[in-house]
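**Student:** Provided below for reference: sequence and predicted model.
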Amino acid sequence: MEGVFWVEPLLKIGMIGLDTSHVSAFAKLLNDKTQEYHVPGGRIVVAYPGGSPDFELSWSRLPGFRKELEDNYSVSIAASPEEVADQCDAVLLLSVDGRVHLQQLRAIAPFRKPVFVDKPFAVRWEDARDMATLGKEYGFSMMSCSALRYSEALTEALQDEEQGAVIGADYYGPLDIQPTQPGFFWYGIHTAEMLFRTMGTGCHYVKTTTNEDHDQVVGVWADGRVGTIRGNRRGNKTFGGLIHREKNTQFVNTSAFAKPYYASLLERVMAMFASGKPDIEIGETIEIIHFLEAANESRETGMTVRL
């Protein structure tokens with residue numbers, strides 16, 4: 001009929017865990033249409049605060065982000081993760097403490113809503129495996145990653161195939177240590193995600209070298225390729241890396257683009273919420289958690305660890 005058009009309805013999105021800066025980043029990109037990198041298709045409508053009393057970077061930040069959601073975006077506050085899942089179409093599980101993700105996912109799994117689990121997916125390989133099992137058992141879509149995986153610099157570099165196949169990669173970034181998030185799980189997840197997006201799955205051996213200021217993990221893939229991540233506790237706190245190809249080596253400068261990592265990530269998450277098809281296979285996410293766990297074991301023992 002002339003003059004009549006159909007507008008796709010906005011997805012109602014729920015948040016679980018209001019103790020990370022990602023709460024603010026995602027809310028601005030989704031709920032504020034004036035943002036330069038606004039991501040359309042959904043709106044945060046309900047949230048469960050959560051919080052971990054033994055993790056200072058959780059409980060100390062929770063009140064501020066909760067207030068921002070309530071005051072700036074009129075988000076209603078739920079009493080439980082289950083209440084969030086019942087009132088929304090899709091879930092952003094953002095709790096900064098990776099230890100609680102399995103418990104929170106188990107609570108909402110029966111609602112069969114698509115879920116994005118913020119990094120780290122888990123801090124134990126067994127938990128990651130059990131979370132994947134929940135997704136399969138209840139039949140809901142799920143993905144998890146660091147926003148650095150979708151930095152525009154990395155995406156652009158990987159799209160340039162003129163220099164041939166990837167034969168290796170080296171990534172670097174800050175690596176502060178948080179006691180409740182073992183070793184590499186706090187900030188090593190960022191560089192590990194970049195490495196696996198570049199190299200793919202198939203890492204068989206891991207060896208970590210560590211001292212007070214730095215850590216370096218060397219991974220050997222089944223086909224003989226070598227990939228590394230370097231964590232710095234001294235000096236600059238920038239992220240970046242090198243992609244080694246058959247004909248050349250590319251520098252990945254994650255600071256070279258204005259578009260925020262979170263906007264690029266959120267576009268992929270919203271595509272999954274709409275289509276039910278995650279951009280990352282759950283098996284890769286499980287391998288990344290296994291890789292970080294092995295890196296931690298090697299960090300403690302000094303030995304090479306087989307995945």
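**Tutor:** That came through, no problem. Here the structure is a predicted model, which means the values were calculated and not measured.

**Student:** from here on, contacts and neighbour counts on C-alpha atoms
**Tutor:** Will do.

**Student:** moving C-terminal of the lowest-mean-pLDDT helix or strand in the chain, what's the next helix or strand?
**Tutor:** The weakest-scoring helix or strand in the chain, judged by mean pLDDT, DSSP states H and E, is helix 56-59 (a mean of 94). Per DSSP states H and E, helix 56-59 leads on to helix 62-73 as the next helix or strand towards the C-terminus.

**Student:** So which residues of the chain form helices?
**Tutor:** Residue ranges of the helices in the chain, as given by DSSP state H, are 21-31, 56-59, 62-73, 81-86, 101-108, 125-138, 152-159, 188-199, 261-275, 282-301.

**Student:** How far does stretch 204-218 stretch from one end to the other?
**Tutor:** Distance across stretch 204-218, first residue to last, is 11 Å (Cα to Cα, to the nearest Å).

**Student:** before we move on, could you check phi and psi at Cys74?
**Tutor:** Wrong residue type there; residue 74 is Ser, not Cys. Torsion angles at Ser74 (phi, psi; degrees, to the nearest 10) stand at phi 50, psi 40.

**Student:** check contacts around the residue nearest to it when sequence neighbours are not counted.
**Tutor:** Computed as Cα to Cα, 6 or more residues apart in numbering, the closest residue to Ser74 that is not its neighbour in sequence is Val45, at 7.5 Å. Neighbouring residues of Val45 by Cα atoms under 8 Å, 6 or more residues apart in numbering: Lys12, Ile13, Gly14, Ser74, Val75, Ser76, Cys88.

**Student:** number of nearby residues for the last one?
**Tutor:** Taking other Cα atoms under 10 Å as the criterion, the count of residues near Cys88 is 20.

**Student:** what about the closest residue in space to it that isn't next to it in sequence, neighbour count?
**Tutor:** Excluding the flanking residues, the one nearest Cys88 by Cα to Cα, 6+ apart is Lys12, at 4.9 Å. A count of nearby residues for Lys12, using other Cα under 10 Å, gives 16.

**Student:** do the same with Glu297
**Tutor:** 18.

**Student:** okay, it: pLDDT?
**Tutor:** For Glu297, the model assigns a pLDDT of 98.

**Student:** Look up how far Gly283 lies from it.
**Tutor:** The value you get for Glu297 to Gly283, if Cα to Cα is used, is 21 Å.

**Student:** Which ones among the contacts of Val45 lie within strands?
**Tutor:** Judged by DSSP state E, these include Lys12, Ile13, Gly14, Ser76 as members of strands.

**Student:** Quick one: low-confidence residue ranges for the stretch 1-150 of the chain.
**Tutor:** Residue ranges of the stretch 1-150 of the chain with pLDDT under 70: 1-8.

**Student:** now do 80
**Tutor:** Residue ranges of the stretch 1-150 of the chain with pLDDT under 80: 1-9.

**Student:** if I pick Glu70, what's in contact with it?
**Tutor:** Glu70 neighbours (Cα under 8 Å, 6+ apart): Ser76, Ile77.
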